[in-house]
Structures are given as structure tokens and as C-alpha cells.
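Q: show me how the following folds:
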Amino acid sequence: MKKIFFVILLMICANSTLFADTVSIDRFVVKENPFAQSEVAIVAVDTLDNIREDVEGLFSFTVNGFQEEMRFEKGTAFYHHKLDKSAFFFVKHVNDNGTHSKLYYIYKQDGKLRPIGISWWLLLGIPLGLVLLGYLFKRFIAIILIVFCIFLFFNYQNGLTISTFFESIVNGLRGLF
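A: So this is what the prediction gives:
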């Protein structure tokens, strides 16, 4: 009788571990790495931007088009690549809940990094605003074309490619529906 009871208890314990809850990252932010200069950290957060300390283990991220395996410990993973200058930083994570991506502009000044989140509304609004101004004020179309070229050159020089530009807008639109 004891053996049967032990086998049943063992099966119940094994069954409970099979249904363990998996941790997924649905929201994250990019912050300056406090332990290394010119490096950033990816932090898993909840909807109130509190650090989720239950996130542990390896998670796959795409950073500026390169696949990276990020090791999270207490909700934080460190991206161990030095940033030489200010640049765009596109971070994407795919899990069972969908694709989660964010575009940041990492502003570097005096050795400090300041990540600035860029909304897809802004990416879509600037070119559309320039087209609208060109349509309304046909006399200033040359100036507007020059401003548009400067906008494209600034984005290109700081690492924002056309594919990243459109992917960020599409992911933002997908998040609406």
C-alpha cells in the first residue's frame, strides 16, 4: 500500500512541475548600464514600468538587426557592446504573445547615455507633416525638400535604416488592433 501511495504522490509532483508557468517578456525598456560605461541594459517591466524581478534565463532579442541571446537576472539583461556615439537602437523580442519592439535614440554626451524612446507616431508624423506643408505652401517646396533630405540624412547617419523605419511603424500600427 505504501508503494502505491508513493507512486501516486510521485506522479502528482511530476504533473505539477509539467504545468509550471512560463515567464514571457511583453514590455521592456532600455536604460544605461550602471556597471559599465557606454553600454546599455534591457529591463523587463510591467505595465507600470516596474522591474519584473521574476524574469530569469535566456531570451532571444534582435538588436539593430542582429540576433542576440540575452541572459536576464532579476529582470535585467546587459547588452555588452560599446556605443561610440549617439545612435538609433531598435530592439525586438518575439514570444508566444506576439512581436514586441521599441525604437530608441541613445544620446551620448560626456560619457553618459540617455535613451529616448521614439514613438511610431513621430516616425510617421514628421514625413507626413512635411508632405502636408509642401502641399499647402507650394512656394516653399524647395525648403521642405531640403528639410526632408536633412531628416533622412540624420536618420541614416545614426543607424536608422529604411527597413527599421517601416518595421517600427508597422509594429506600432499592429499594436493598435
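Q: pLDDT-wise, which helix or strand of this protein ranks last?
A: Every helix and strand of the chain was ranked by mean pLDDT, DSSP states H and E. The lowest is helix 2-18, at a mean of 60.
Q: what residues does the one helix or strand Ala77 maps to touch?
A: If you go by DSSP states H and E, Ala77 is part of strand 76-79. Under the criterion C-beta atoms under 8 Å, 6 or more residues apart in numbering, residues 33, 35-36, 39-44, 51, 59, 61, 63, 68, 70-71 lie in contact with strand 76-79. Backbone N, C-alpha and C define where each C-beta goes, glycine included.
Q: what residues sit buried inside the helix or strand that comes right after it?
A: Counting by DSSP H and E, the next helix or strand C-terminal to strand 76-79 is strand 87-95. Using 16 or more other C-beta atoms under 10 Å as the test for burial, strand 87-95 gives 87-93.
Q: average pLDDT for the longest strand seen in the chain?
A: Across the chain, the strand with the greatest residue count (assigned by DSSP state E) is strand 98-109. The pLDDT scores in strand 98-109 average 90.
Q: now do stretch 28-43
A: 92.
Q: so what touches that stretch?
A: Stretch 28-43 has contacts (C-beta under 8 Å, 6+ apart) with 44-45, 49, 51, 61, 70, 75-84, 89, 91, 93, 100, 102, 104, 106, 108, 111-115, 117.
Q: ok now it, how far from the chain's centre?
A: Mean-position distance between stretch 28-43 and its chain equals 12 Å (C-alpha atoms, centre = their mean, to the nearest Å).
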